[in-house]
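Novice: fold the following and give me the result.
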Amino acid sequence: MNRFGVGVIGCGAISGNHFHAIGKAENAALRAVCDIDEARLQKARTAQGVEGYADYHDLLARPDIDAVHICVPHYLHAPISIAALKAGKHVLCEKPMGMTIQEAEAMQRAAEASGKTLTICFQNRYNGASLRMKEIIDGGTLGRVIGGSAFVCWDRDEAYYASCPWRGTWKTEGGSLLINQSIHTLDLLRWLAGGLTLKSATMTAKRLADVIETEDTCDMLLENSAGNRFVFYCTNCASANENIYIHLMLEKGEMHMDGARLTLLTEDGARVEDYSAGKGVGKDYWGAGHDQFITDFYARLAAGKPAFVTSADALETTRIMDAAYHGNAPIRHR
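Specialist: Residues are numbered from 1 along each chain as shown. Down below sits the predicted model:
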């Protein structure tokens, strides 16, 4: 069996999902962890029973590390990913793929030059309902996708931003709601629709204008190559974290994804399919996609296959995000 030595850089909240998934992947073995915070580093070292480093360059210098997971704040995604690729490591980077399109393109160039795999953790593509929608679309039984919408209504308060000062700033998070919470759903909508282009976007800070310098609400108008319209709305102003909702219209029917439940409307009537996968690691609404994403990543590496989410594919989601932030959607406060 081809077993890959793994290092995890960043031992914050999301790293728990990665440690859990690496432990379940038969093609992977955790060898080292890294964090600049001594308390987090020691906690991870003890829990995982591996060596720990404060400087990621020391971890990258180890010849028994074949792949690294990047679980650090957004502003470090590009420089650490590029350094890892140059060191000859495969890279699994948490979303986003850089804070700007320029950072993401630099990551893509580094991956191409290294010949190593770079994937971005859009694990919601592995959710049962998401995979089923993609299967139906690719199968062609309902015809082409001709329109749709997606909604993310979640809650992030002052305490959330106070707990991690890098959040809510342009310099270190690169945005807020869109680049952090809602980029998963934007990626799903683009993936399912077969590619989208941003036509217009509006960003506002409604609830958190006195807390963050970035956005807590965003809406977009997008189009596919045929000129069909799609709308995307997301907010961190909801009273609770609601289910992700995606609605797609096709030539011969409709699909409605409400969390793990998928409703299919066809000429034969309505059918509801439930793809509840149980609780994952961390917040309930994170789901269990990390396990499937990471297990499949190493299985594909072992088989010499490309990643399920290629860096070139993730780059296109980043392109839409970047256009919203740096194109026609300046932040408006209230």
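Novice: ranges for the helices of the stretch 201-334 of the chain?
Specialist: 289-303, 311-326 (DSSP state H, counting those that start in this stretch).
Novice: how about the first one: buried residues?
Specialist: Pointing back at helix 289-303 there. By neighbour count with 16 or more other Cβ atoms under 10 Å, helix 289-303 contains the buried residues 289-302. C-beta: built from backbone N, CA, C; applies to glycine.
Novice: what's the answer for stretch 253-262, then?
Specialist: Buried, per 16+ other Cβ under 10 Å, within stretch 253-262: G253, E254, M255, H256, M257, D258, G259, A260, L262.
Novice: for these, which one is nearest E213?
Specialist: Nearest to E213 out of the buried residues of stretch 253-262 is G259 (Cβ to Cβ; 31.5 Å).
Novice: measure the residue nearest to the closest one when sequence neighbours are not counted to E51 for me?
Specialist: Computed as Cβ to Cβ, 6 or more residues apart in numbering, the closest residue to G259 that is not its neighbour in sequence is N243, at 3.4 Å. Applying Cβ to Cβ, to the nearest Å, the value for N243 to E51 is 41 Å.
Novice: before we move on, what about S182?
Specialist: From S182 to E51 the distance is 36 Å (Cβ to Cβ).
Novice: ok so, going back, possible to save the buried residues of helix 289-303 as CSV with distance to H90?
Specialist: Converted to CSV, those look like this (distance: Cβ to Cβ, whole Å):
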residue, distance to H90
G289, 19
H290, 17
D291, 18
Q292, 18
F293, 14
I294, 12
T295, 15
D296, 14
F297, 8
Y298, 9
A299, 13
R300, 10
L301, 6
A302, 11
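Novice: what's the closest of those to R207?
Specialist: G289 (27.8 Å).
Novice: how long is stretch 259-268 end to end?
Specialist: Across stretch 259-268, the terminal residues are separated by 24 Å (Cα to Cα, to the nearest Å).
Novice: actually, stretch 219-239.
Specialist: Calculated as Cα to Cα, the first-to-last residue distance of stretch 219-239 is 18 Å.
Novice: how many residues are close by the residue lying closest to L198 once chain neighbours are set aside?
Specialist: Spatial nearest neighbour of L198, excluding adjacent residues (Cβ to Cβ, 6+ apart): A323 at 4.5 Å. Per other Cβ atoms under 10 Å, the neighbour tally for A323 reads 19.
Novice: same deal with G88?
Specialist: 13.
Novice: again with G168
Specialist: 25.
Novice: looks to me like it is in a strand.
Specialist: No: using DSSP: H, G, I helix; E, B strand; the rest coil, the assignment for G168 is coil, not a strand.
Novice: my guess is it contacts Y161. True?
Specialist: Yes: when contacts are counted by Cβ atoms under 8 Å, G168 is listed as touching Y161 (4.6 Å).
Novice: now for these two: what residues contact both?
Specialist: L208, V211, I212 (Cβ atoms under 8 Å, 6 or more residues apart in numbering).
Novice: nearest to R109, of these?
Specialist: Distance ranking of these against R109, using Cβ to Cβ, places I212 first at 31.6 Å.
Novice: ramachandran angles for the nearest residue to that closest one once chain neighbours are set aside?
Specialist: Closest residue in space to I212, ignoring its immediate chain neighbours: G168 at 3.1 Å, by Cβ to Cβ, 6+ apart. Backbone torsions for G168, taken as degrees, to the nearest 10, come to phi 80, psi 10.
Novice: give the contact list for G168.
Specialist: Y161, S176, L208, V211, I212, E213, T214 are the contacts of G168 under Cβ under 8 Å, 6+ apart.
Novice: also N228?
Specialist: Contacts of N228 were listed using Cβ under 8 Å, 6+ apart, and they are V145, I146, G147.
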